[in-house]
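J.: all I have is the shape, not the residue letters:
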C-alpha cells in the first residue's frame, strides 16, 4: 500500500514504521492517523514482523503532536471523531501481538508523547523532548494521554506533566521512567535495532504471549492476572519452539526457533 505521510519497511523480522511529515515536525493530522491505522492493521496480520519500531522522519521530531492548525477549526462533533480515531489506532498499537519499541528522535509532544506511551517501551535520543501541552491550548489530551501516561510514570508525575503543560528533556524522562534508555542521537537507531533483533531472536509465540499476559494483568487484580499467566505458560508447551529451546539448552547448542 502507498502512503503519503508514513513509511514502512521490514528488515530480518523487524518492522520500521516512520511518521514522515518532517516539514510539519511529523504532526498527526487526520490523514496521517488514518494511514497509521491502515498500516497497523497490516502489521497485525504479518507473520514476518516479530518486532515493530516506530520513529519519526528527519532529525528533529518523533511526533510534535496532533496538527493544531487542522484541529483549530473543529467543532465538538469533529473533535470527537478525530480524538476517537487517534485513540483507536493507539490502542491498536498497544494491543499488537508484536512488541513495539518507540525510537524517540526529537520532539514527542501531545500526540507524540501519547504515541510513545502506546508502545511497549521507549528509547530516546539525547535531544528528545517530552510533554503534554494540551491544557495550554484549551483542551485535554485526547489520544489516551490521561490514561497511559500516569500508568507509565505514576500518577503524580503524570498529573504534573499534564497539568503544567511543560516540556521535559530526555534525561528527566529517563529519571521518571518514561524512557528506558537515552543515547546520542546518531546512535539511537543502531541501539534500538540491537534490542529489536535480540527480541526477534527469541521464541515468537512466547514473546507474544508474554506481552498479552502483561497487558491483561496490568488492568486486573493480581490473582486474575496470574490465572491468565498459567494459561499462556501451559500453551507454550504446545509449540515447536518450546521443544527446540529446551533441547538446545540441555544439549548446550545454539537454538533455532521457527516461530511455531
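T.: Looks like it arrived, so ask away. Only a predicted model underlies this, so the values are computations on that prediction, with no experimental measurement involved.
J.: which parts of the chain belong to which domain?
T.: Following the TED database, the chain resolves into domains at 6-200, 203-251.
J.: what's the most buried one of the ones you listed?
T.: domain 6-200 (a mean of 19; mean count of other C-beta atoms under 10 Å). Using the backbone N, CA and C atoms, a C-beta is placed for each residue, glycine as well.
J.: for that domain, what does the pLDDT average out to?
T.: Across domain 6-200, pLDDT averages out at 96.
J.: so how far does that domain reach from one end to the other?
T.: Taking C-alpha to C-alpha, to the nearest Å as the measure, domain 6-200 stretches 23 Å from start to finish.
J.: thought residue 61 was touching residue 111?
T.: No. With contact defined as C-beta atoms under 8 Å, residue 61 does not count as touching residue 111 (11.5 Å).
J.: ok, the closest residue to residue 118 other than its chain neighbours - contacts?
T.: Once flanking residues are discounted, residue 118 sits nearest to residue 90: 4.0 Å by C-beta to C-beta, 6 or more residues apart in numbering. Contacts for residue 90 (C-beta atoms under 8 Å, 6 or more residues apart in numbering) come out as 114-115, 118, 143-144, 148.
J.: how far away is residue 90 from residue 13?
T.: 24 Å (C-beta to C-beta, to the nearest Å).
J.: kindly report the same for residue 258.
T.: According to C-beta to C-beta, residue 258 and residue 13 sit 12 Å apart.
J.: who does the nearest residue to residue 119 once chain neighbours are set aside bridge with?
T.: Spatial nearest neighbour of residue 119, excluding adjacent residues (C-beta to C-beta, 6+ apart): residue 102 at 3.9 Å. With DSSP bridges as the criterion, residue 102 is bridged to residue 54, residue 122.
J.: what is the host helix or strand of residue 34 packed up against?
T.: For residue 34, the element it lies in under DSSP states H and E is helix 30-45. Contacts defined by 3 or more C-beta pairs under 8 Å, 6 or more residues apart in numbering; DSSP states H and E place helix 30-45 against strand 6-11, strand 14-19, helix 76-94.
J.: again, only using 6 Å
T.: Here helix 30-45 touches helix 76-94, going by 3 or more C-beta pairs under 6 Å, 6 or more residues apart in numbering; DSSP states H and E.
J.: can you give me how far the helix it packs on is from the chain middle?
T.: A distance of 16 Å separates the centroid of the chain from that of helix 76-94, by C-alpha atoms, centre = their mean, to the nearest Å.
J.: so residue 178 sits in a helix?
T.: No. With DSSP: H, G, I helix; E, B strand; the rest coil as the criterion, residue 178 is coil rather than part of a helix.
J.: for the closest residue to it other than its chain neighbours, what are its contacts?
T.: Counting by C-beta to C-beta, 6+ apart, residue 153 is the residue found nearest to residue 178 once chain neighbours are left out, at 5.2 Å. Residues counted as contacts of residue 153 (C-beta atoms under 6 Å, 6 or more residues apart in numbering) are 176-178.
J.: can you do 8 Å?
T.: Taking C-beta under 8 Å, 6+ apart, we find residue 153 in contact with 161, 176-178.
J.: adding distance to residue 6, write those out as CSV.
T.: Below are these laid out as CSV (distance: C-beta to C-beta, whole Å):
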residue, distance to residue 6
161, 26
176, 29
177, 28
178, 24
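J.: now the most centrally placed residue in the chain: how far from residue 144?
T.: Central residue of the chain (C-alpha atoms, centre = their mean): residue 119, 1.7 Å from the mean position. According to C-beta to C-beta, residue 119 stands 12 Å off from residue 144.
J.: so where do the strands sit in the protein?
T.: Applying DSSP state E to the chain gives strands spanning 6-11, 14-19, 51-56, 61-63, 100-104, 107-109, 121-125, 129-131, 167-169, 181-183.
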